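1. Provided below for reference: sequence and predicted model.
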Amino acid sequence: MIQHWRKGAQDALEMAQLALTAQKYDHVLFNVHLAVEKALKSLYIREHGEDVPRTHDLAFIASLLSSAFSEDAVAFLRELSSFSVDARYHDPHWTGEYATQQHAREWLQKAVAFLSPLFL
């Protein structure tokens, strides 16, 4: 199960990179969220030996882990958590304001930096 979630995280990160190339910036942001969510859930399963809580709240999932995350990391997770809904439902205001090339690149870089020490 751990490998399933880890592979899902890596696949979502790859999809985010492909979406960036295709200029589908809302899809970049959604898949960045998905990659981090699946990575955290793989850590949860490894640590607790049980299925993960059904939530998309990344900071909450991180709070269930024994790893200490910095305040900056928790702030990153809190903001990124909103992408699971905003990017999925393509809110026109959010898409116009936030799903830009610059934000997509920034969040993809932040996700890679967050995920790298975990297992990428």
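-> Here it is on my side, so go on.

2. Mind listing what's buried along the lengthiest helix in the chain?
-> When the chain is parsed with DSSP state H, its longest helix is helix 25-48. Buried residues in helix 25-48, counting neighbours by 16 or more other Cβ atoms under 10 Å, are found at 25-45. From N, CA and C alone the C-beta is placed, and that goes for glycine too.

3. Same question for stretch 105-120.
-> By neighbour count on 16+ other Cβ under 10 Å, the buried set for stretch 105-120 is 107-108, 110-111, 114-115.

4. CA atoms only for it, dumped as CSV, please.
-> Provided in CSV are the C-alpha atoms of stretch 105-120 (Å, rounded to 0.1, in the frame of the first residue of the first chain):
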residue,chain,number,x,y,z
ARG,A,105,6.0,27.2,-11.7
GLU,A,106,6.4,28.4,-8.2
TRP,A,107,4.1,25.8,-6.6
LEU,A,108,5.7,23.0,-8.7
GLN,A,109,9.1,24.1,-7.4
LYS,A,110,7.9,24.3,-3.8
ALA,A,111,6.4,20.8,-4.1
VAL,A,112,9.6,19.3,-5.4
ALA,A,113,11.5,21.0,-2.6
PHE,A,114,9.0,19.7,0.0
LEU,A,115,8.9,16.2,-1.4
SER,A,116,12.6,15.7,-2.2
PRO,A,117,13.8,15.1,1.4
LEU,A,118,10.8,12.7,1.9
PHE,A,119,11.5,10.3,-0.9
LEU,A,120,11.9,11.8,-4.4
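
5. got a list of contacts for it?
-> 6, 9-10, 13, 16-17, 20, 28-29, 32, 35-36, 39, 42-43, 73, 76, 80, 83 (Cβ atoms under 8 Å, 6 or more residues apart in numbering).
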